[in-house]
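Asks: Test case, fold it:
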Amino acid sequence: MKSSSKEIFESLLNDKKIKATRGDDVSFEYSKIPFNIPQLDKITNGGIPRKRFTLLFGGFSSGKSYVASQLCKSVQQDGGVAVWVDLEKSWDSDWMTKSGLNTKEMILYNPDTSEEAFKAIRSSLQNGVDIVVVDSVAGLVPSDIFTNEKGIGYSPIGWQSRTWNQMLMRLIPELKNGGALVAINQTRGTMGNVQLMDTMPGGEGQKYFTHCCMHFTRGSWILKQGASTPAKMSDRVGFEINVRLLKDKFGGEKFEEAIVPFKHDGGIDIVETYIRMALEEGLITQKGAWYYYKDEKLQGITKVVDWFKNNPEAYKELVDDTEKSYLTGKSDSESA
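Replies: I've put the predicted structure just below:
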């Protein structure tokens, strides 16, 4: 006699040989770590998911490490523990402090080999840290590269892809302890059949492991007040970080894009960020070099930023109106 649906359900659920749980088990619940960068929090619907794997990839100097540092900053502000695995040997305490991190409360690993990196990442996740940032996948080098007898040119086919994918297979189960794993990776140009193509160290397989995948490119230069072209390096005070959300299994707006203004001397100016968002929403208008906000008429973005910094009540009103329109997708007229 065939078992009833209820009996089959209970039999599978109580089978000790397999680990089955109900679909509403609390182990599947997750929270998010916000970027505290409004444009990125919007397209990801609140940030990256805990207990999951996030990949930030793109060209060099496109803002990946800075954005990852802001996730660590967010964790620290919430009283959590952040870990940075510095495979590139590029950790800069002064810059990270300038970016808002409490470096005295950061756990930093400087592994020389992928085996050392794996042990550091796994130990961190097993101990329940909130976030582990791997900077970057391109720096993963197996120990046998150092110990082989074939010389400097020794490079087995696919060694980096195999190493990274095998690491992910073993690390992702450790995410059940509550931490978020964030990997930074670079794109590199390689000649395809007919054109130059972008590839990533570690292979394409890592994209299938990701729960959240974001692509970074460097956009237009931000120029200092009075400069008209980026011809002179001294006129470049920053650049636009262009971010595209390629994959998000947890509520993000897939294929949505965000543009974030980044300044060389201080990262992201949150006041200028809200001004740019207000421009997109029509709360501030621009005609040539002139900006208009209610009864104010100001020339140049620098003067607009300074005006809002000197008028905190007006800035608060701008933030409130922008969040209603930009972050929720509702204007005052729509919500009325």
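
Asks: how about the helices in the stretch 101-250 of the chain?
Replies: For the stretch 101-250 of the chain, the helices defined by DSSP state H, counting those that start in this stretch cover 114-126, 144-147, 159-171, 205-209.

Asks: quick one: which of those has the weakest pLDDT on average?
Replies: Of all the helices of the stretch 101-250 of the chain, the minimum mean pLDDT falls on helix 144-147 (a mean of 76).

Asks: export that helix as PDB, just CAs?
Replies: C-alpha atoms of helix 144-147 as PDB (Å, rounded to 0.1, in the frame of the first residue of the first chain):
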ATOM      1  CA  ASP A 144      53.600  24.100  -5.100                       C
ATOM      2  CA  ILE A 145      54.200  27.100  -7.300                       C
ATOM      3  CA  PHE A 146      56.900  28.100  -4.900                       C
ATOM      4  CA  THR A 147      58.300  24.600  -4.300                       C
END
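
Asks: Next, report how far that helix is displaced from the centre of its chain.
Replies: Centroid separation for helix 144-147 versus its chain: 32 Å, with C-alpha atoms, centre = their mean, to the nearest Å.

Asks: Turn the helices of the stretch 101-250 of the chain into TSV, including mean neighbour count and distance to Q186.
Replies: The C-beta positions use only the backbone N, C-alpha and C, and glycine is treated the same way. Output for these, formatted as TSV (neighbours: other C-beta atoms under 10 Å; distance: least, C-beta to C-beta, whole Å):
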stretch	mean neighbour count	distance to Q186
helix 114-126	19	16
helix 144-147	12	18
helix 159-171	18	12
helix 205-209	15	12
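
Asks: and G58, which of those helices is closest to it?
Replies: Taking C-beta to C-beta, helix 205-209 is the member of the helices of the stretch 101-250 of the chain nearest to G58, at 13.3 Å.

Asks: Can you work out which other helices and strands pack against that closest one?
Replies: Helices and strands touching helix 205-209, by 3 or more C-beta pairs under 8 Å, 6 or more residues apart in numbering; DSSP states H and E, are strand 53-58, helix 159-171.

Asks: Okay, domains of this protein per the record?
Replies: Domains of the chain are assigned by automatic domain parsing as 29-268, 270-331.

Asks: Out of the ones you listed, which one sits most buried?
Replies: domain 29-268 (a mean of 17; mean count of other C-beta atoms under 10 Å).

Asks: Need the distance between the two termini of it.
Replies: Start-to-end span of domain 29-268 (C-alpha to C-alpha, to the nearest Å) is 32 Å.

Asks: so how far is that domain from its chain's centroid?
Replies: Remark: domain 29-268 is offset 6 Å from the chain centroid, using C-alpha atoms, centre = their mean.

Asks: Okay, now the unreliable bits of the stretch 201-336 of the chain?
Replies: Residue ranges of the stretch 201-336 of the chain with pLDDT under 70: 327-336.

Asks: same thing but at 50, please
Replies: Within the stretch 201-336 of the chain, the stretches with pLDDT under 50 are 331-336.

Asks: any idea where the strands of it begin and end?
Replies: Shown for the stretch 201-336 of the chain, the strands assigned by DSSP state E, counting those that start in this stretch span residues 212-223, 236-248, 257-263, 285-287, 290-293, 296-299.

Asks: Quick one, which of those gets closest to A138.
Replies: strand 212-223 (14.2 Å).

Asks: May I have the beta-bridge partners of Q299?
Replies: Taking DSSP bridges as the rule, Q299 bridges to W290.

Asks: That one: what's it in contact with?
Replies: Applying C-beta atoms under 8 Å, 6 or more residues apart in numbering, we find Q299 in contact with A289, W290, Y291.
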